[in-house]
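Enquirer: I'll drop the sequence and a predicted model, then ask my questions.
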Amino acid sequence: MSYHETLSLSREEFEELLDHFEERTYDGRTYRHLPDYRRSLERGTALVGGAVVRGFPKIPRTLVLETGVPRQFDETVYVEEKLDGYNVRVVRLDGDVLAFTRSGIVCPFTTAKAQSLLDLDPLFDDYPDLMLCGEMVGPENPYTTHDYPGVDSLAFRAFDVRHRETGASLPVPERRERCAAYDVPQVPFHGSFDPDAGVEPVERVIRDLDERGREGVVMKTRDVSAQLKYTTSATNVDDLTYAFSLPFDYGQPFMFRRVIREAFQSVEWDEADEAARDRAHDLGEAILLSMRETVAEIDDGVAVGEDHTVRGDSEAIAALFDHFRDMGLQLDVTSDRREDGQRVVEFRKRTQKTNDKTRAYLDGKIVRE
Ligand code: ATP
């Protein structure tokens with residue numbers, strides 16, 4: 001079948017979309033991927049030697065559980081924990097297990113990790129068209145920095161199993177059974193509920209996750225045709241702390257959205273004045289104290305940036321840095337060593353805007369605002 005047939009598009013529609021694909025190579029293999037959303041195609045869709053790897057859909061959010069949940073769902077809702085890491089789709093093509101990041105790039109580091117962390121051949125032998133979707137979590141990776149209890153370095157947690165070419169999901173209960181049968185670790189499951197009977201069950205889950213400093217939930221219909229996410233205050237505060245520590249490199253919408261979410265949660269939970277004041281206090285600290293620290297550091301002549309550590313075999317790490325160089329990223333390696341037979345590299349992604357703007361303001365730059 002040709003690409004346009006597999007993607008259920010007309011030849012003209014496909015050819016128009018093709019202009020938005022970017023070409024890359026991985027290990028001698030040329031492929032194309034769609035880095036942004038375009039009409040009927042998911043962001044991250046990849047075309048690899050005649051095969052299609054569907055993108056992972058964008059998950060909508062509600063700011064108010066009580067009204068948003070019944071608006072999105074009219075059948076049983078399955079609740080899974082939303083883990084804070086980075087999105088990965090793992091497939092097997094021509095005998096090779098490949099891991100695609102959100103925008104459809106084959107990441108050499110993640111591919112090596114998927115191959116070493118998971119034994120996927122039995123699963124792909126039985127289901128060759130399957131696409132395993134999950135979150136890579138843990139502190140040692142090139143994209144996110146979130147710690148995850150029980151994960152010292154990096155771990156994979158499955159949250160969806162789709163058909164690689166159609167993107168159709170395996171229903172939640174079947175997917176959980178299949179992953180368990182093939183020893184694929186999964187995101188925690190928090191039960192199911194009937195949205196007509198109220199959202200109290202999911203609210204309870206959120207309060208518990210919030211206390212444990214976890215990110216939130218993704219609610220799904222059985223066949224995953226509809227999804228909805230909702231996050232905890234703990235995660236809003238963490239995100240704001242991080243974003244305001246690099247205030248000119250994070251987009252203002254990223255920050256503003258998280259502040260807005262706090263207001264809606266405070267009202268939905270009918271918070272007493274004192275609880276609302278505590279929330280305001282945490283929010284204020286997240287915004288101001290992290291930024292204050294950054295300004296003080298730059299004032300002391302220290303450059304700020306996003307610090308990452310990666311651990312793995314030497315070749316995979318070399319491939320990762322080649323990949324970053326190709327993408328034009330500015331990196332400073334702060335440590336490169338061997339530990340227990342593995343290469344461990346600590347590096348900093350330069351956040352030029354925060355360094356430059358903060359320096360300029362400290363030097364008295366006059367602003368007209
Ligand atoms: P994007 O544009 O990549 O969707 P976003 O910032 O809008 O990013 P997020 O808030 O990160 O989206 O939430 C969606 C992401 O949550 C998914 O793409 C997936 O990587 C991640 N995720 C974590 N746990 C789950 C889960 N249990 N079910 C579905 N997705 C999950």
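Expert: Right, received. Where do you want to start?

Enquirer: and the residue in the chain positioned nearest to the ligand, how many neighbours does it have?
Expert: Nearest residue of the chain to the ligand, counting by CB to the nearest ligand atom: Asn87, 3.1 Å away. Just so you know, the C-beta spots here come from the backbone N, C-alpha and C atoms, and that holds for glycine as well. Close neighbours of Asn87, defined as other CB atoms under 10 Å, add up to 18.

Enquirer: got the contact list for it?
Expert: Phe56, Thr101, Arg102, Cys133, Gly134, Glu135 (CB atoms under 8 Å, 6 or more residues apart in numbering).

Enquirer: Restricted to buried residues, select these in PyMOL.
Expert: Of the contacts of Asn87, the buried ones can be selected in PyMOL as follows, counting by 16 or more other CB atoms under 10 Å:
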select buried, resi 56+101+102+133+134+135
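
Enquirer: near the ligand, which of the contacts of Asn87 show up?
Expert: Phe56, Arg102, Glu135 (CB under 6 Å from any ligand atom).

Enquirer: Just the pLDDT for Glu15.
Expert: Here the pLDDT value assigned to Glu15 is 90.

Enquirer: That one - nearest residue in space that isn't next to it in sequence?
Expert: His4 (7.9 Å; CB to CB, 6 or more residues apart in numbering).

Enquirer: The ones next to the ligand among the contacts of Asn87 in strands, which ones?
Expert: Among those, the members found in strands (DSSP state E) are Glu135.

Enquirer: What residues of the lengthiest helix in the chain count as buried?
Expert: Determined from DSSP state H, the single longest helix within the chain is helix 273-299. Within helix 273-299, the residues scored as buried using 16+ other CB under 10 Å are Ala276, Arg279, Asp282, Leu283, Ala286, Ile287, Ser290, Met291, Thr294, Val295, Ile298.

Enquirer: For the second one, which non-adjacent residue is closest in space?
Expert: So the one you mean is Arg279. In space, Arg279 is closest to Ser266, 5.7 Å off (CB to CB, 6+ apart).

Enquirer: how much space is there between Ile287 and Asp119?
Expert: With distances taken as CB to CB, to the nearest Å, Ile287 is found 45 Å from Asp119.

Enquirer: One more: Pro60?
Expert: 34 Å.

Enquirer: Let me see the domain layout of the protein.
Expert: 3-231, 233-299, 305-350 (automatic domain parsing).

Enquirer: Briefly note if the second one comes near the ligand.
Expert: No: in this structure, domain 233-299 remains apart from the ligand according to CB under 6 Å from any ligand atom; the gap is never smaller than 8.7 Å.

Enquirer: What of stretch 172-184?
Expert: No: no part of stretch 172-184 sits near the ligand under the criterion CB under 6 Å from any ligand atom; the closest distance found is 9.9 Å.

Enquirer: How about that stretch, which residues are buried there?
Expert: Val172, Arg175, Arg176, Arg178, Cys179, Tyr182, Val184.

Enquirer: Let's have those residues in TSV, adding secondary structure.
Expert: TSV is the format used below for the buried residues of stretch 172-184 (DSSP: H, G, I helix; E, B strand; the rest coil):
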residue	secondary structure
Val172	helix
Arg175	helix
Arg176	helix
Arg178	helix
Cys179	helix
Tyr182	coil
Val184	coil
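
Enquirer: Now for these: which two are most distant?
Expert: Within the buried residues of stretch 172-184, two members stand farthest from each other by CB to CB: Val172 and Tyr182, at 16.2 Å.

Enquirer: tell me which strands and helices the next helix or strand after the longest helix of the chain is in contact with?
Expert: Following helix 273-299 in sequence order, the next helix or strand is strand 305-312 (DSSP states H and E). In terms of contact count using 3 or more CB pairs under 8 Å, 6 or more residues apart in numbering; DSSP states H and E, strand 305-312 is assigned the packing partners helix 108-117, strand 331-339, strand 342-350.

Enquirer: most packed of those?
Expert: helix 108-117 (a mean of 21; mean count of other CB atoms under 10 Å).

Enquirer: can you state the direction angle for it and strand 305-312?
Expert: Helix 108-117 runs at 40 degrees relative to strand 305-312, counting by axes from the mean of the first three to the mean of the last three CA atoms, to 10 degrees.

Enquirer: how long is stretch 118-137 end to end?
Expert: From its first residue to its last, stretch 118-137 covers 14 Å (CA to CA, to the nearest Å).

Enquirer: same question, stretch 148-155
Expert: 9 Å.

Enquirer: what do you get for stretch 263-278?
Expert: Stretch 263-278 end-to-end distance (CA to CA) = 13 Å.

Enquirer: can you put the helices and strands packed on strand 305-312 in JSON lines and add mean pLDDT and distance to Gly216?
Expert: Below are those laid out as JSON lines (pLDDT from 0 to 100; distance: least, CB to CB, whole Å):
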{"stretch": "helix 108-117", "mean pLDDT": "96", "distance to Gly216": "23"}
{"stretch": "strand 331-339", "mean pLDDT": "95", "distance to Gly216": "31"}
{"stretch": "strand 342-350", "mean pLDDT": "94", "distance to Gly216": "26"}
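
Enquirer: Understood, closing this out.
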